[in-house]
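Student: using only what follows, build the 3D model:
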Amino acid sequence: MILVIEVSIVEALREAKLATARFFFQRLLPKSSGHFAAIMAGKAPLMEMKEAAF
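Tutor: This next block holds a predicted model:
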């Protein structure tokens, strides 16, 4: 009985980890290329704005 419960807990944790990984790869990871492009663009576009614009 205890072994069955432990196996089901391990399986539930495994499924939760897989669901988390799927979410990360489908929703968050694709955004990284956009963030990288923004970082690599540098500060010039932002620094061109006049202080009054803020």
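Student: what's the local residue count around residue 45?
Tutor: 9 (other CB atoms under 10 Å). Quick note: C-beta positions are derived from backbone N, CA and C, even for glycine.
Student: what's the separation between it and residue 51?
Tutor: 15 Å (CB to CB, to the nearest Å).
Student: also residue 38?
Tutor: Per CB to CB, residue 38 is found 22 Å from residue 51.
Student: before we move on, what about residue 32?
Tutor: Residue 32 is 31 Å from residue 51, where distance means CB to CB.
Student: between the two, which one's more packed in?
Tutor: Neighbours were counted for residue 32 and for residue 51 using other CB under 10 Å; residue 32 has more, 9 against 5.
Student: can you tell me which residues contact the more buried one?
Tutor: For residue 32, no residue meets the contact criterion (CB atoms under 8 Å, 6 or more residues apart in numbering).
Student: any idea how far it lies from residue 20?
Tutor: 17 Å.
Student: equivalent analysis for residue 38, please.
Tutor: Computed as CB to CB, the residue 38 to residue 20 distance reads 26 Å.
Student: for burial, what's the neighbour tally of residue 34?
Tutor: Neighbours of residue 34 using other CB under 10 Å come to 9.
Student: where do the helices sit along the chain?
Tutor: Per DSSP state H, the chain has helices spanning 2-23, 31-41, 44-47. These are given in chain order.
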